[in-house]
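**Student:** structure for this input, please:
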Amino acid sequence: MFQRELRRFRGCIRTGAYVLTHHAAQELRNDDLSVSDVENCVLSGEVIKRQRDRVTGEWKFVIAGWDTCRLPCCVVAKRAWTGNMLILTVFRD
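**Tutor:** Model (predicted):
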């Protein structure tokens, strides 16, 4: 399910075409995750849920995967108007 979006997100990770929100950067620190962990999560994971953003009405996607230590984690992301990936938050699963 949502394979097209996942392929786009993976392409953004591979080319560096993504941006972490301030909130996502804070959550990285809070959960002792790194940017490499986020990248690995997207590259190894699957979209498990699609949610409608309450404020903007845009779709965002929850990707469940693995960090670099093979521990489960999740990334919540959407496509920005530029086509880049916008990482909204990250958390340990």
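
**Student:** contacts and neighbour counts: CA atoms only from here.
**Tutor:** Will do.

**Student:** got the phi/psi numbers for residue 22?
**Tutor:** phi -60, psi -40 (degrees, to the nearest 10).

**Student:** try residue 13
**Tutor:** According to degrees, to the nearest 10, residue 13 has phi -60, psi -50.

**Student:** contacts only, for residue 28.
**Tutor:** 34, 35, 90, 91 (CA atoms under 8 Å, 6 or more residues apart in numbering).

**Student:** what's the spacing between it and residue 88?
**Tutor:** Per CA to CA, to the nearest Å, residue 28 is found 11 Å from residue 88.

**Student:** go on, residue 45?
**Tutor:** As judged by CA to CA, residue 45 and residue 88 stand 16 Å apart.

**Student:** cool, residue 80 as well?
**Tutor:** 11 Å.

**Student:** any idea which element the residue at minimal distance from the centre of the chain lies in?
**Tutor:** In the chain, the residue lying closest to the centroid (CA atoms, centre = their mean) is residue 75, at 3.4 Å. Element membership for residue 75 (DSSP states H and E) is strand 72-79.

**Student:** which residue ranges of this protein form strands?
**Tutor:** Applying DSSP state E to the chain gives strands spanning 18-20, 46-52, 59-66, 72-79, 85-92.
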